[in-house]
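Colleague: I'll drop the sequence and a predicted model, then ask my questions.
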Amino acid sequence: MLVRRMIACLGALALASGGCLEPADDDEIPLTSFFGDPDADPAMMPHVEDNPALATNVAQFAKNVAYLRGYADGEAIWYWNVDGPNAPFIAPLYQIIGPNGDQIGRTIIDVIPGQTGYTPWWRIFEVYTTPEYDGERIWSREAIDAGIQAGILREPVATDAVANCPVLLRDTPIQVSQNPDEFAGTEWVWYRNQRVDWAVFTDFIRVPAARRDMPVFPVYILQRIDEGAPIYEFVTGIDINQDRRLNDSNNIFASGLDGDRYSPLWYVAFVRVEEDYLSIDDAITATVGVGLSAEDQFYDPETQTVISSQVIPPVVEQREALVNCPIQRTKGSL
């Protein structure tokens, strides 16, 4: 097989009578050295968290995913607030795709928290095998490059799908319903021939392949004009509706899932409301609901105009304060 001769020749690639003209120089690295051990159990390969050289990076991994309640488009919704590093740009992830269209092995990334270029937002690149592919273990970006050079892989193809996958400490629990004992777990992917864990929020965002940054919209945090704290238990640490949990808020997202102004990446906007504003800390809300529960009830983003008598202008936007808050589509799952 031609590709085997190419690899054996260490990338010399000169063809003469179907063979290699001369042996490789001593300083040339065999392409096969970039591929994973064919006899190894992938699940037993080293994990980033056990690598002392990466301890500083691991200290910056996300550690907590809070499960909270808020509002969007006039409805109560549940969402997550993910800690850890955040950024508005998009990084690549790679999936090896076989001839039948199915993914081979685990997803591959090339950056983790603490390194330049890390972000929880990942554009999916598909890397298709060629007929020369023979089960080689592709566990790193270097292995992808080597596979392309060896002729067993094609160049990565960018899709318009962007995944929200923050790198997390392994086995971090992620609550997925109002039952405090119902959790989802992390999944592991490849980072430079090592395993690393992340969360996979299943609603992909469609962003044109040429665009390198995420769409960002406001999440409005409400605060009564005569009170010193927002109506947001997770931030204040105060159980204002006395249900013995700290997961309620009157936060309002610019749009719900599938809306024109939805993105899991948000910037914070503070909204002052009247003293008598009806919210989650009043028992009557169980039957009549909160005073405001949708952006179009109080604010016009095009004209930047307050349109509700319950709100005291101005709305104060803090566009540099970014939060990763995906809204949950299906109870019991990410």
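Modeller: Sure, I can see it.
Colleague: where does Ala24 land on pLDDT?
Modeller: At Ala24, the pLDDT value in this model is 39.
Colleague: typo on my end, Val288
Modeller: pLDDT, read off for Val288, is 81.
Colleague: next one: the one 3 residues further on
Modeller: Model confidence at Gly291, given as pLDDT, is 97.
Colleague: nearest spatial neighbour of it, skipping sequence neighbours?
Modeller: Counting by CB to CB, 6 or more residues apart in numbering, Gly291 lies nearest to Leu278, which is 4.4 Å off, once chain neighbours are set aside. Backbone N, C-alpha and C define where each C-beta goes, glycine included.
Colleague: likewise Ile221?
Modeller: Going by CB to CB, 6+ apart, Ile221 has Pro230 as its nearest residue, at 4.9 Å.
Colleague: any residues touching whatever helix or strand Asn57 lives in, and which ones?
Modeller: Assessed by DSSP states H and E, Asn57 sits inside helix 55-58. Contact with helix 55-58 is made by 48-49, 112-115, 169, as judged by CB atoms under 8 Å, 6 or more residues apart in numbering.
Colleague: For the helix ranked longest in the chain, give me every contacting residue.
Modeller: Under DSSP state H, the helix in the chain containing the largest number of residues is helix 141-150. For helix 141-150, contacts defined as CB under 8 Å, 6+ apart pick out 3, 6-7, 11, 31, 34-36, 94, 96, 108, 110, 127, 132-133, 136-138, 153-156, 192-193.
Colleague: quick revisit: how close does the residue nearest to Gly291 get to Ile231?
Modeller: As defined by CB to CB, to the nearest Å, Leu278 lies at a distance of 11 Å from Ile231.
Colleague: Between the two, point out the one with more neighbours.
Modeller: Counted by other CB atoms under 10 Å, Leu278 and Ile231 do not tie: Ile231 has more neighbours, with 24 against 17.
Colleague: tell me the mean pLDDT for stretch 210-225?
Modeller: 98.
Colleague: tell me the mean pLDDT over the helix holding Asn57?
Modeller: So the average pLDDT for helix 55-58 ends up being 98.
Colleague: and the next element down the chain from it?
Modeller: strand 65-72.
Colleague: that older thread, could you pick out the buried ones from the contacts of helix 55-58?
Modeller: Among the contacts of helix 55-58, those classed as buried by neighbour count (16 or more other CB atoms under 10 Å) are 48-49, 112-114.
Colleague: surely Gly117 meets Pro85?
Modeller: No - taking contacts as CB atoms under 8 Å, Gly117 lies outside contact range of Pro85: 10.9 Å.
Colleague: In terms of neighbours, single out the busier of these two.
Modeller: The neighbour comparison of Gly117 against Pro85 (other CB under 10 Å) goes to Pro85, with 17 against 11.
Colleague: Got phi/psi on the more buried one?
Modeller: Torsion angles at Pro85 (phi, psi; degrees, to the nearest 10) stand at phi -60, psi 140.
Colleague: Could you list the low-confidence segments of the stretch 201-334 of the chain?
Modeller: For the stretch 201-334 of the chain, the stretches with pLDDT under 70 are 286.
Colleague: hmm, 90 instead?
Modeller: Judged by pLDDT under 90, the stretch 201-334 of the chain has its weakly predicted residues at 283-289.
Colleague: ok, back up a step: which residues touch the residue nearest to Ile221?
Modeller: With CB under 8 Å, 6+ apart, Pro230 has these contacts: 221-223, 236, 249, 270.
Colleague: ok, now Ser279?
Modeller: With the criterion set at CB under 8 Å, 6+ apart, Ser279 makes contact with 222, 231, 250, 285, 290-291.
Colleague: element containing it, please.
Modeller: Residue-wise, Ser279 maps onto no helix or strand under DSSP H and E.
Colleague: what's the answer for Val323, then?
Modeller: Per DSSP H and E: strand 311-324 holds Val323.
Colleague: circling back to that earlier point, quick check: buried residues in the helix holding Asn57?
Modeller: 57-58.
Colleague: Just give me how far that helix sits from the chain centre.
Modeller: 19 Å (CA atoms, centre = their mean, to the nearest Å).
Colleague: mind listing the helices in this structure by residue range?
Modeller: Taking DSSP H as the criterion, the chain carries its helices at 2-8, 55-58, 141-150, 233-236, 285-288.
Colleague: Right, I'll leave it there.
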